[in-house]
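S.K.: only geometry, no sequence info:
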DNA sequence: CATGAATGAGCCTTCATTCAT
DNA sequence: CATGAATGAAGGCTCATTCAT
């Protein structure tokens, strides 16, 4: 966690530092990213950087948490809170849709998490159980869907949850890498999503 | 590409070097992986290393090509050559199945490609058009399937090809990360695969 | 010398700063001792520190002077003032005894002077002529002793003075390092001292 | 301990590095001594330095060991081996004499050990039980002297051993700091020593 | 071809000191 | 006077690459 000095900073300055960090980590993997560059782009001195953060890892952890948090904010909290009232596929669509919006509005930084977490020597130390949380969330949705009779009772809940989790990352990947899909046209984004969701729906919904 | 001296080496020695490199890249991201370590584990001197390879990047490119090549070898070449004679889903299953076997027999090194390619500063330089190749291959299979009337004519060939490509990586990911799926029991591996393929099949096959 | 602001401080605050400095210098050599730590332990801000002291060296010089001064205070001033009236060995015993009491009551900080003065890059700059003063003092005592016929006229005054000075530091060293000598039992302290003084006395007193 | 690469170096080069280190540590305390300076004065690159030594501490430990070893070599090994055959004061004189010769021929570097070991944060880590060894050695000599009836049976063996040990360092200190004692005139060195030993002898020898 | 010592640019991190509030 | 954020020079250490043997 950043030191308290960081949080005492004026909003604007703090944001500038975060932006500089995001930019650098988007360009360089952890071990090649230079704090000097980050500091310079943030308009602060190296010494100041070390008054805000314990060290390089401290910064990375914070950035990653920020991204995770930001992504969560895109999800419709009302739907999540009242998940019982919505259909499974409706929820999945909403979640995926929020993921899309997140991707659209943060296109520049989506690759960062992947880049950072690809470093085996950081994973264990930095990565919390974010992924596990996502899996558990999908499992719960699936259980609800099964109880309501929306889903094929034969599906392997664990496996499907894992698959949906992995898929959500894939989706972002596709959107992120394929610049041909114009994210500024949200319409087309939704269409992409709908098609993908169609695959899933056809695959696991209950058939009469 | 490695220098000719490398290819003049006795098979055994060459393999030892490759193994050492794989091991190191599995443990460390590109910029933290040390040639000194690789050389030592390979039982050669640092000087020799530089007689075989141009530099560090040269080694990485070679290793990546090796892995791609090895994965290809797992695919039933007869089916690929005579792809016209097989059903689309049959081919997909076979390809996925080969991916599974590859994952099973090279579990240790699966993460390497991901780790290496997560480095944005390497991607453009090192990554060839491997992924594009895969996408094109799937597109061809889809076109054939469409021509044969196996597939729903409404699907977006480009998107589905992209999706299948991404999916194949996801699959490997799931298998790779989830140690609960006992890869030694190939039966279960196949079951996993079949379930996943079921989703796809339900999603894009032609319905009468 | 500290700035006047320092001496305007309430006694208590000043002492807290001194204590914090002593503590830090006891733990770390000059170049590793941190003003930030001293300031924090003293309950003042770094900025305040620099309002009291010119710089780090200023503090060290002051601390060293304080210790020297404090040690002097342990010596029976009456005996020193009227040195002519006392026997040489009586004076030596008294001085050594006072050194012991100083060591006992300031055990925690005895090592500081040694630690600081071991730094060659500081010695010339910081060290006054404290040691020379001590040597001169012993020389005077020896001259008096010789004049009174207490001492063997053949001794080399300069050398013995130097030796006694060095010895006084050795004594403190022994007491300081050897925790087996229970300083709380002053009785035993005196016994140690008496034995050491016995060596000297036998060595330089006039024999008839 | 230095790496093997260091010991593979030609004698001359090795010596140059040691000399450069001695010179730097004589001028600067541990935390201010710069490897860059040592490397430069030794005529090697910084990189080379780190191929010879693990790190700065590694070098210091080695230098300290060297000095201790060198000092030992000055002692008449025959006398030490056959200590039973020599008188206590004879042995003490010989040991002190060897210390003097060591001081004379290594005047420049005598202060180094003191300087380095004055750093509390290094003592525990670097200092072995060298001092304890010396104390034990003197204790043994004293026991032999007592058994032979050479010494006053009332002396406190432990205390005197400790005192002699401390004294041997003091002696070196005097010689080291007092440039007025011309060490090039060994005659005068011996005289100094004899006087000091006289004090001790008078203090602890058996009186009839 | 093999070797491994030599090189030095490069980067993280520290901390004494300053200064604006 | 008090504060504590800002500064940046400085130094330990790493490691890819070269080269003489």
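M.R.: Received it, and whenever you're ready, just let me know what you need. Only a predicted model underlies this, so the values are computations on that prediction, with no experimental measurement involved.

S.K.: okay, CA-based contacts and neighbour counts for the rest of this
M.R.: Will do.

S.K.: per-domain residue ranges of chain A.
M.R.: Using automatic domain parsing, the domain parsing of chain A gives A:4-58, A:73-204.

S.K.: give the rounded mean pLDDT of the last one.
M.R.: On average, the pLDDT along domain A:73-204 is 73.

S.K.: quick check: closest non-adjacent residue to residue A:4.
M.R.: Excluding the flanking residues, the one nearest residue A:4 by Cα to Cα, 6 or more residues apart in numbering or on different chains is residue A:52, at 7.3 Å.

S.K.: again, but for residue A:158
M.R.: residue A:139 (6.7 Å).

S.K.: tell me the spacing between that neighbour and DNA strand F.
M.R.: 41 Å (Cα to the nearest atom of the strand, to the nearest Å).

S.K.: what comes up buried for the helix or strand that residue falls within?
M.R.: Using DSSP states H and E, residue A:139 sits within helix A:130-147. In terms of neighbour count (16 or more other Cα atoms under 10 Å in any protein chain shown), helix A:130-147 has its buried residues at A:134, A:135, A:138, A:139, A:141, A:142, A:143, A:144, A:145, A:146.

S.K.: how close does residue A:141 get to chain B?
M.R.: Residue A:141 is 18 Å from chain B, where distance means Cα to the nearest Cα, to the nearest Å.

S.K.: just the strands from chain A, written as ranges.
M.R.: For chain A, no strands turn up when DSSP state E is the criterion.

S.K.: most proximal residue of it with respect to chain C?
M.R.: Nearest residue of chain A to chain C: residue A:51, at 12.8 Å (Cα to the nearest Cα).

S.K.: neighbours of that residue, how many?
M.R.: 15 (other Cα atoms under 10 Å in any protein chain shown).

S.K.: check residue A:74 too.
M.R.: Neighbours of residue A:74 (other Cα under 10 Å): 17.

S.K.: doesn't residue A:94 make contact with it?
M.R.: No - with contacts counted by Cα atoms under 8 Å, residue A:74 stays clear of residue A:94, the gap being 9.9 Å.

S.K.: what does the pLDDT read for the residue in chain A that DNA strand E sits nearest to?
M.R.: For chain A and DNA strand E, the shortest gap (Cα to the nearest atom of the strand) falls at residue A:34, measuring 3.5 Å. Predicted confidence (pLDDT) for residue A:34: 96.

S.K.: check contacts around it.
M.R.: Going by Cα atoms under 8 Å, 6 or more residues apart in numbering or on different chains, residue A:34 touches residue A:24.

S.K.: per-residue pLDDT of residue A:30, please?
M.R.: Looking at residue A:30, its pLDDT stands at 92.

S.K.: quick one: name the residues of chain A near chain C.
M.R.: Not one residue of chain A sits near chain C, judged by Cα under 8 Å from any Cα of the partner chain.

S.K.: chain A against DNA strand F: which residues are in contact?
M.R.: Residues of chain A lying close to DNA strand F (Cα under 7 Å from any atom of the strand) are A:5, A:8, A:9, A:44, A:45, A:46, A:47, A:48, A:49, A:50, A:51.

S.K.: what's the local residue count around the second one?
M.R.: With neighbours defined by other Cα under 10 Å, the count for residue A:8 comes to 10.

S.K.: contacts only, for the residue of chain A closest to chain C.
M.R.: Residue A:51 touches A:3, A:5, A:6, counting by Cα under 8 Å, 6+ apart.

S.K.: follow-up on the earlier one: would a markdown table of the domains of chain A with distance to residue D:58 be doable?
M.R.: Listed next are the domains of chain A as a markdown table, based on distance: least, Cα to Cα, whole Å:
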| stretch | distance to residue D:58 |
| --- | --- |
| domain A:4-58 | 26 |
| domain A:73-204 | 27 |
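
S.K.: nearest to residue B:103, of those?
M.R.: In terms of Cα to Cα, the element of those nearest to residue B:103 is domain A:73-204, at 16.8 Å.

S.K.: the domains of chain A: which one's closest to residue D:110?
M.R.: domain A:4-58 (39.4 Å).

S.K.: now do that closest one: distance from first to last residue.
M.R.: In domain A:4-58, first residue to last residue: 13 Å (Cα to Cα, to the nearest Å).

S.K.: do the same with stretch A:144-155
M.R.: OK, stretch A:144-155 end separation, Cα to Cα: 13 Å.

S.K.: kindly report the same for stretch A:74-89.
M.R.: Distance across stretch A:74-89, first residue to last, is 18 Å (Cα to Cα).

S.K.: pull the residues that contact that stretch.
M.R.: A:91, A:94-95, A:98-99, A:101-102, A:141-142, A:144-145, A:150, A:201.

S.K.: could you work out the most separated pair of these?
M.R.: Distances among the contacts of stretch A:74-89 were taken as Cα to Cα; the most separated pair is A:102 and A:150, at 28.0 Å.

S.K.: where exactly do the helices run in chain A?
M.R.: Here chain A has its helices, by DSSP state H, at A:4-7, A:11-27, A:35-42, A:46-52, A:56-74, A:77-81, A:88-105, A:110-117, A:120-126, A:130-147, A:157-177, A:186-204.

S.K.: and the contacts of the second one?
M.R.: The set of residues that contact helix A:11-27 without belonging to it, under Cα under 8 Å, 6+ apart, is A:6-7, A:33-34, A:37-39, A:41-43, A:63, A:108-109, A:111-112, A:115-116, B:120-121.

S.K.: buried among the residues you listed? Need that as a selection in PyMOL.
M.R.: With 16+ other Cα under 10 Å as the criterion, this PyMOL line picks the buried residues out of the contacts of helix A:11-27:
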select buried, (chain A and resi 6+33+34+38+39+41+42+63+109+111+112+115+116) or (chain B and resi 120)
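
S.K.: quick check: which of the residues of chain A next to DNA strand F are also close to DNA strand E?
M.R.: Residues of the residues of chain A next to DNA strand F in contact with DNA strand E (Cα under 7 Å from any atom of the strand): A:46, A:47, A:48, A:50.

S.K.: need those in TSV with distance to residue B:26, pLDDT and neighbour count, can you?
M.R.: As requested, those are exported to TSV (distance: Cα to Cα, whole Å; pLDDT from 0 to 100; neighbours: other Cα atoms under 10 Å in any protein chain shown):
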residue	distance to residue B:26	pLDDT	neighbour count
A:46	33	97	14
A:47	35	96	10
A:48	36	97	12
A:50	31	97	17
